[in-house]
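*Asks:* sequence? don't have it. structure:
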């Protein structure tokens, strides 16, 4: 029979906790899917237009960029591709990153009331968050492909790497998200700082504009670890030569071990958070 | 597979302590400190920090398969905290808990329900959280729907369910669990009588198969299913053992005696005396002892035709017996008088309160009563001792048994 031991300190080794965490992720795959399915269904069922809403938001963004570009409101630097495609792909990648970062906190927070009453694999919350994010992103990616066809940005071999690029963004975002979640469950300040920080970071990341040739902005963008993620992922989508590849792999190489640490951290933190956050 | 050996030691709790913080801001800050402290496993004994208190202190017990521990105590005594720790939701601050086998918790019914989705979909949501696989739910679906008696409404959104229907659905899913250790927190007091009986039967089935830890404020329930009882008082174990009657009696004693509430001034009780047959003032009576209640009354009203009703209440404020003056058709037509009534202590051990009602008498053979002229709630208390607590019924009648063959 399975034996559980609860005591004050986690004398168990980090590797053992990690093993348990990974085992639970696998064991709770049905729960994760079920939770994602539940939230997605519930989200669209109580609306007349239903699933159409999933298209409306990204279409609106696309139209805005087309409008801004056609009216000459935004001065185009040479991006190599039509500006609406450039901007739309940028916001798409940025939104995936942002979602990946906030989803562990959001999923955990919305499950607060059951966390304090039922013992279930908490990792399922994180995984269900990823599912939901992928579901939303699928519509946006579909729309991007339509835009690329309209603007005659050809398909190319780089696109094969995009699923990997997507995975990398999820790894990076989730790593930061997992580490922040216990703090933001305790203090709402953390969530606010994250949102503020993300919107500020967007300005020094080449999301809707390219890296300038010179100046302070160029320096800032070059030291911003999100720049290589942005640029490389966009190159995967739109084609062209990969630059910043070294930086890209460095960022990933650093975040991968941190993802594992994040999982351990999340697992040992939840009881502490549950104890102090009332539900 | 279940190991059905009844000597299985399934739950072992050693020196369990847990502290909580009284102040939110401080609690959150300690949370941050604990989070960071959790990284390095410090072996230091944890002491109380400012604004902290022990919610549980040094709890020890063992539980085997087939045993049921009833946890009793005041609100805030630490019962639910103990359940949360046993369920692995929060960690103790000292001590060790070892639990063998699958743990099932009936703490919250219908966790994971989404109100917009149908009952059928929510069976899957709830089932997934309780740890069932899709296959298991598929195969148990019809059984769950039948148990919940919701065949007709299973495809209706749960938001249109009555609260009883939601609970029924939640219990029906939870009832499919086959745990080794079952943790129950007062969920049995839900639904209508018919469903409650069903819940109870299901839990009784589980009782022999698992070790059960059970929190309830319903003493009859505790007495009916517990093999062990633990009385917790302010986080400390006041009694732990197999003498259920003793455990329940110290729980009952623990309540502060409420003051007498008087409604209506028409008939006034100037003084009263609760005594034994010889008129000696007493508040503790042994089994079958004669009790005597003497009342000195003043009638401030014009009502001449009324009767006196004495209602005995148990610790849960349920009426368990009544005596009235109607049976002897006494007329209390003077302004000032006294009366006394004698009766037998037929009550099982515990604490009881006496209520007195003065009710206008209308001659009627139907169940009609006149105006309540005065009402004394909690006039006095008495303690019944000495009898045997068999079962959970408050009154045990004297009886004659004859062996006929």
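*Replies:* Great, that's in hand. Quick caveat, the model's predicted, so the values are computed rather than measured.
*Asks:* quick one: contacts for the residue nearest the centre of chain A?
*Replies:* Most central in chain A under C-alpha atoms, centre = their mean is residue A:100, positioned 2.0 Å from the mean C-alpha point. Contact analysis of residue A:100 by C-beta atoms under 8 Å, 6 or more residues apart in numbering or on different chains lists A:130, A:133, A:169, A:170, A:172, A:173, A:174, A:177. In this view, the C-beta of every residue, glycine as well, is placed from N, C-alpha and C.
*Asks:* average pLDDT across the helix or strand hosting residue B:171?
*Replies:* Secondary structure assignment for residue B:171, by DSSP states H and E: helix B:163-174. Mean per-residue pLDDT for helix B:163-174: 91.
*Asks:* now do stretch B:315-323
*Replies:* In this model, stretch B:315-323 has a mean pLDDT of 84.
*Asks:* what's the span of it from first residue to last?
*Replies:* Chord length of stretch B:315-323, first to last residue, is 18 Å (C-alpha to C-alpha, to the nearest Å).
*Asks:* And the helix holding residue B:171, what does it pack against?
*Replies:* Secondary-structure packing of helix B:163-174 (3 or more C-beta pairs under 8 Å, 6 or more residues apart in numbering or on different chains; DSSP states H and E): strand B:103-106, helix B:119-129, helix B:134-148, helix B:193-207.
*Asks:* quick one: which of these is nearest residue B:236?
*Replies:* strand B:103-106 (24.2 Å; C-beta to C-beta).
*Asks:* what helices or strands is the closest one leaning on?
*Replies:* Secondary-structure packing of strand B:103-106 (3+ C-beta pairs under 8 Å, 6+ apart): helix B:163-174, strand B:181-185.
*Asks:* can you do 6 Å?
*Replies:* For strand B:103-106, the elements it packs on are strand B:181-185, judged by 3 or more C-beta pairs under 6 Å, 6 or more residues apart in numbering or on different chains; DSSP states H and E.
*Asks:* close to chain A, is the strand it packs on?
*Replies:* No. Judged by C-beta under 6 Å from any C-beta of the partner chain, strand B:181-185 stays clear of chain A, getting no closer than 8.7 Å.
*Asks:* in the longest helix along chain A, what counts as buried?
*Replies:* When chain A is parsed with DSSP state H, its longest helix is helix A:245-276. By neighbour count with 16 or more other C-beta atoms under 10 Å in any protein chain shown, helix A:245-276 contains the buried residues A:247-248, A:251-252, A:255, A:258-276.
*Asks:* quick one: contacts of the helix holding residue B:171?
*Replies:* B:106, B:109-110, B:119, B:123, B:126-127, B:144, B:147-148, B:190-191, B:195, B:199 (C-beta atoms under 6 Å, 6 or more residues apart in numbering or on different chains).
*Asks:* How far off centre is the lowest-mean-pLDDT helix or strand in chain A?
*Replies:* Within chain A, no helix or strand scores below helix A:53-70, which has a mean of 83 by mean pLDDT, DSSP states H and E. Centre-to-centre, helix A:53-70 and its host chain are 21 Å apart (C-alpha atoms, centre = their mean, to the nearest Å).
*Asks:* next SSE after it?
*Replies:* Downstream of helix A:53-70, the first helix or strand assigned by DSSP H and E is helix A:83-110.
*Asks:* what about the next helix or strand along the chain from that next one, average pLDDT?
*Replies:* Toward the C-terminus, helix A:83-110 is succeeded by helix A:112-115 as the next helix or strand (DSSP H and E). The pLDDT scores in helix A:112-115 average 90.
*Asks:* Could you pull out the buried residues of helix A:112-115?
*Replies:* Buried residues in helix A:112-115, counted by 16+ other C-beta under 10 Å: A:114, A:115.
*Asks:* just checking, what packs against it?
*Replies:* Contact partners of helix A:112-115 among helices and strands, from 3+ C-beta pairs under 6 Å, 6+ apart: none.
*Asks:* quick one, the helix or strand following that helix and helix A:245-276 angle?
*Replies:* Sequence order places helix A:123-150 as the next helix or strand after helix A:112-115, per DSSP H and E. Interaxial angle of helix A:123-150 relative to helix A:245-276 (axes from the mean of the first three to the mean of the last three C-alpha atoms, to 10 degrees): 140 degrees.
*Asks:* quick one: average pLDDT of helix A:123-150?
*Replies:* Averaged across helix A:123-150, the pLDDT comes to 92.
*Asks:* Let me know whether that helix sits next to chain B.
*Replies:* No. Applying C-beta under 6 Å from any C-beta, one finds helix A:123-150 separated from chain B by no less than 8.3 Å.
*Asks:* May I see the buried residues of that helix?
*Replies:* Result for helix A:123-150 [16+ other C-beta under 10 Å]: buried residues A:123-134, A:136-137, A:139-141, A:143-144, A:147-148.
*Asks:* cool, stretch B:280-294 as well?
*Replies:* By neighbour count on 16+ other C-beta under 10 Å, the buried set for stretch B:280-294 is B:282, B:285, B:287, B:291, B:292, B:293, B:294.
*Asks:* Pull the distance from stretch A:6-24 to the chain's centre.
*Replies:* Chain-centre distance of stretch A:6-24: 26 Å, with C-alpha atoms, centre = their mean.
*Asks:* who touches residue A:98 in this structure?
*Replies:* Contacts of residue A:98 by C-beta under 6 Å, 6+ apart are residue A:198.
*Asks:* What pLDDT is listed against it?
*Replies:* pLDDT, read off for residue A:98, is 94.
*Asks:* Can you tell me how far it is from chain B?
*Replies:* According to C-beta to the nearest C-beta, to the nearest Å, residue A:98 stands 24 Å off from chain B.
*Asks:* all helices of chain B, in order?
*Replies:* Applying DSSP H to chain B gives helices spanning B:24-37, B:79-86, B:119-129, B:134-148, B:163-174, B:193-207, B:219-225, B:244-253.
*Asks:* Burial check on residue B:119, number of neighbours?
*Replies:* By other C-beta atoms under 10 Å in any protein chain shown, 24 other residues sit near residue B:119.
*Asks:* need the residues of the stretch 151-279 of chain A near chain B, please.
*Replies:* Within the stretch 151-279 of chain A, the residues that sit near chain B (C-beta under 6 Å from any C-beta) are A:182, A:186, A:268, A:269, A:271, A:272, A:274, A:275, A:276.
*Asks:* 7 Å instead?
*Replies:* A:182, A:186, A:187, A:268, A:269, A:271, A:272, A:273, A:274, A:275, A:276 (C-beta under 7 Å from any C-beta of the partner chain).
*Asks:* still on that earlier bit, nearest residue to the residue nearest to the centre of chain A in space, ignoring adjacent ones along the chain?
*Replies:* Closest residue to residue A:100 apart from its sequence neighbours, by C-beta to C-beta, 6 or more residues apart in numbering or on different chains: residue A:173 at 2.5 Å.
*Asks:* got a list of what that neighbour touches?
*Replies:* Counting by C-beta atoms under 7 Å, 6 or more residues apart in numbering or on different chains, residue A:173 makes contact with A:97, A:100, A:101.
*Asks:* and the closest residue to chain A within the stretch 301-405 of chain B, what is it in contact with?
*Replies:* Nearest residue of the stretch 301-405 of chain B to chain A, counting by C-beta to the nearest C-beta: residue B:316, 25.6 Å away. Residues near residue B:316 by C-beta under 7 Å, 6+ apart: residue B:219.
*Asks:* Residue B:307 reaches residue B:325, doesn't it?
*Replies:* Yes. Using C-beta atoms under 7 Å, residue B:307 makes contact with residue B:325 at a distance of 4.7 Å.
*Asks:* and the residue in the stretch 151-300 of chain B that chain A sits nearest to, how many residues sit next to it?
*Replies:* Proximity of the stretch 151-300 of chain B to chain A (C-beta to the nearest C-beta) peaks at residue B:180, 6.8 Å away. Using other C-beta under 10 Å, residue B:180 has 21 other residues around it.
*Asks:* Done for today, thanks.
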